[in-house]
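Give me a 3D structure for the following:
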Amino acid sequence: MEINDLTPAERRVWEAFPRGEGVDFRERPDDSSADGAGWGPGRTVRAEVLRALLLGAAPAAESRVAGLKIKGARITGKLDLRYAVIDHPIRLRDCWFERKPLIYGAQLKALVLGYSTLPGLTAATLRVDVVLRLSCCRITGPVRLQGAKIAGGLFLQGAVIGPAPGEESAEPPLQLNHVEVGTDIIANDLTVHGQLRLNGAVVGGQVLLDNARLLAPGGIALHAETLAVGTDLRAHGLEARGTVNLSGARIPRQLYLASAVFAHPEGTALRASSCAIGEMWLRGCDRIQGTLNLRRSHIDILHVPSETWPDRIRIDGLTYRTLAPHLPAEERLPALEREESGYLPYAYEQLAAAYRTAGDEAAARTVMLAKLRRHRRTLPRHARAWGLLQDATVGYGFRPLRATGWLAALLLTGTIAYALTPPRPLKAGEAPDFNAVFYTIDLMLPIIGFGQESAYAPAGWYQWLSYLLIVTGWVLATTTAAGVSRSLRRQ
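Numbers count the residues shown, from 1 in each chain. Just a heads-up that it's a prediction; the model follows:
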């Protein structure tokens, strides 16, 4: 391409490129690229001119670093850089693109498209040595970055990606599956009208999605299976309309979802199954609308207020060391009743272990008692009687003082009854002096003998009272022994 073929606007770009100088076509600093379709010839640059510059048509000036730096241009035609190897930085800020750039398989130093408006971006398997910036862009078509490798960071903060509300897209608007990012993905305040795909992505630092809006009602808002990050995934204030799928993710520090909104009432709202997570925070979140799936995940600290648990959960195989905030067991137990698979003994064991880790042995006993009561409901009706008896008498061994209470009540009843009407001696003149207290103890405790029971014989309804005391004593002794045995096995 010859310089004589260029328009005045293109000549400005051509002459500035070898010196690495910028060209600003904006009339005002607050010009919006959304209005670029109406910009005239004074702000119009053909894509083929940019391609010629980047592929070596104008070599760098001596002692200068060549670079393409444009603000506020209307770029017409197709910017086709497929498979190109370009050593110059590309900065096209506040620009309006007539057609989507094609950068498939290219190798670039840096690419900055901040605040620009594009109909899409095809850049799968792209290689970037420094940074890729799409901050505050408005992109109406799909962004294809799958398989890209970016040595520095990927910046998407403030971008709006996807078709306008009411329109449909045949493919996910933002495709970052299997990308490799050397530092961070910064996507605070990002809006995606459709699915954000991050399957298999590897991020050396953190992924930031604070106040992002992922809008795919009835579908998958975030598809990030087997995502691996170096430190954190932060999504404070995230709004997710559709499923957030983090199955198999590896997040060594924090999965921070405080004050987030998860809404997929007809399906799974948040799936973090088979994950390895250091800390998972759902503090300040409203109740999750849809199913919460944490099956087979390992989490060191799980911070979920009781009011955040949804009506449907799946926690089979979930392990955690600490459950926060520390709440009474009575506030945590209702969530275990919402398990879709029904009764899960392990879920109760895990909750009790978390309370023991926190030093709250009383809460741990409450959880284990609730476990046995829940198990009793799964038994046939005829098999529940023994469990009901153990529960009422000694709380399955977790409430041993109940047996003391029963014994005290029966002892008082027997003592008063037999003190008012002592039973007759079996052998007159040979029986020891009658003592109503020890006579009642003799009846109730089968392993203790004070010689009172064998020396006296009650009559009438007092005889029936003695039978009741004997049977009750045996039942209390048996259930207490069973409870003690269960406690010893736990220890």
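
quick one: what helix or strand has Pro265 in it?
Per DSSP states H and E: Pro265 is located in strand 261-271.

before we move on, what about Trp14?
Using DSSP H and E, Trp14 sits within helix 8-16.

CA-only coordinates of that helix, as PDB, when you get a sec.
Below are the C-alpha coordinates for helix 8-16, written out as PDB (Å, rounded to 0.1, in the frame of the first residue of the first chain):
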ATOM      1  CA  PRO A   8      -6.000  12.400   5.500                       C
ATOM      2  CA  ALA A   9      -7.100  10.500   8.600                       C
ATOM      3  CA  GLU A  10      -5.200   7.400   7.500                       C
ATOM      4  CA  ARG A  11      -2.100   9.400   6.700                       C
ATOM      5  CA  ARG A  12      -2.000  10.700  10.300                       C
ATOM      6  CA  VAL A  13      -2.000   7.100  11.600                       C
ATOM      7  CA  TRP A  14       0.600   6.100   9.000                       C
ATOM      8  CA  GLU A  15       3.000   8.800   9.900                       C
ATOM      9  CA  ALA A  16       2.500   8.300  13.700                       C
END
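
what comes into contact with it?
3, 6, 22-23, 25, 41-46, 49-50, 53, 58, 68-70, 73 (CB atoms under 8 Å, 6 or more residues apart in numbering). Just so you know, the C-beta spots here come from the backbone N, C-alpha and C atoms, and that holds for glycine as well.

How about stretch 324-334?
Residues outside stretch 324-334 that contact it (CB under 8 Å, 6+ apart): 301-306, 309, 323, 351, 355, 358, 360, 363-364, 366-367, 370.

Now that we have the residues you listed, which of them are buried?
302-304, 309, 323, 351, 355, 360, 363-364, 366-367, 370 (16 or more other CB atoms under 10 Å).

distance of the residue nearest to Leu445 when sequence neighbours are not counted from Tyr467?
Computed as CB to CB, 6 or more residues apart in numbering, the closest residue to Leu445 that is not its neighbour in sequence is Gly473, at 5.7 Å. Distance of Gly473 to Tyr467, computed by CB to CB, to the nearest Å: 11 Å.

Over to Leu369?
The gap separating Leu369 from Tyr467 is 31 Å, by CB to CB.

These two: which is more packed in?
The residue with more neighbours, out of Leu369 and Tyr467, is Leu369; 20 against 11, by other CB atoms under 10 Å.

State whether the more buried one is indeed within a helix.
Yes. Read with DSSP: H, G, I helix; E, B strand; the rest coil, Leu369 is one of the residues of a helix.

Give me the pLDDT value at it.
Note on Leu369: pLDDT of 82.

thinking again about what came up before, sort out which of the buried ones among the contacts of stretch 324-334 are in strands and list them.
If you go by DSSP state E, these have 302-303, 323 in strands.

want to throw those residues into CSV with pLDDT?
Output for those, formatted as CSV (pLDDT from 0 to 100):
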residue, pLDDT
Leu302, 96
His303, 96
Leu323, 94
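
From Asp311, how far out is the residue of the chain positioned farthest from its centre?
Distance from the C-alpha centroid of the chain, by CA atoms, centre = their mean, peaks at Gly429 (80.4 Å). Gly429 sits 75 Å away from Asp311, going by CB to CB.

any idea which helix or strand comes after the helix or strand of the chain with the lowest mean pLDDT?
Every helix and strand in the chain was compared by mean pLDDT, DSSP states H and E; the lowest is helix 384-394, with a mean of 66. Toward the C-terminus, helix 384-394 is succeeded by helix 401-420 as the next helix or strand (DSSP H and E).

In PDB, please show the C-alpha coordinates belonging to that next one.
Extracted in PDB, the C-alpha atoms of helix 401-420 (Å, rounded to 0.1, in the frame of the first residue of the first chain):
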ATOM      1  CA  LEU A 401     -29.500 -37.100  83.000                       C
ATOM      2  CA  ARG A 402     -32.900 -38.100  81.700                       C
ATOM      3  CA  ALA A 403     -32.500 -41.500  83.300                       C
ATOM      4  CA  THR A 404     -31.600 -39.800  86.600                       C
ATOM      5  CA  GLY A 405     -34.800 -37.700  86.300                       C
ATOM      6  CA  TRP A 406     -36.900 -40.800  85.600                       C
ATOM      7  CA  LEU A 407     -35.300 -42.600  88.500                       C
ATOM      8  CA  ALA A 408     -35.900 -39.700  90.900                       C
ATOM      9  CA  ALA A 409     -39.500 -39.400  89.900                       C
ATOM     10  CA  LEU A 410     -40.200 -43.100  90.300                       C
ATOM     11  CA  LEU A 411     -38.300 -43.200  93.600                       C
ATOM     12  CA  LEU A 412     -40.300 -40.300  95.000                       C
ATOM     13  CA  THR A 413     -43.600 -42.000  93.900                       C
ATOM     14  CA  GLY A 414     -42.700 -45.300  95.400                       C
ATOM     15  CA  THR A 415     -41.400 -43.800  98.600                       C
ATOM     16  CA  ILE A 416     -44.500 -41.800  99.200                       C
ATOM     17  CA  ALA A 417     -46.900 -44.700  98.300                       C
ATOM     18  CA  TYR A 418     -45.200 -47.300 100.500                       C
ATOM     19  CA  ALA A 419     -44.500 -44.900 103.400                       C
ATOM     20  CA  LEU A 420     -48.300 -44.200 103.600                       C
END
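
what comes up buried for that helix?
For helix 401-420, by 16+ other CB under 10 Å, it's 402-403, 406-407, 410-411, 414-415, 417-418.

can you put those in CSV and add distance to Ala477 and pLDDT?
Output for those, formatted as CSV (distance: CB to CB, whole Å; pLDDT from 0 to 100):
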residue, distance to Ala477, pLDDT
Arg402, 14, 67
Ala403, 9, 67
Trp406, 11, 74
Leu407, 10, 75
Leu410, 12, 79
Leu411, 14, 81
Gly414, 16, 84
Thr415, 19, 85
Ala417, 21, 85
Tyr418, 21, 82
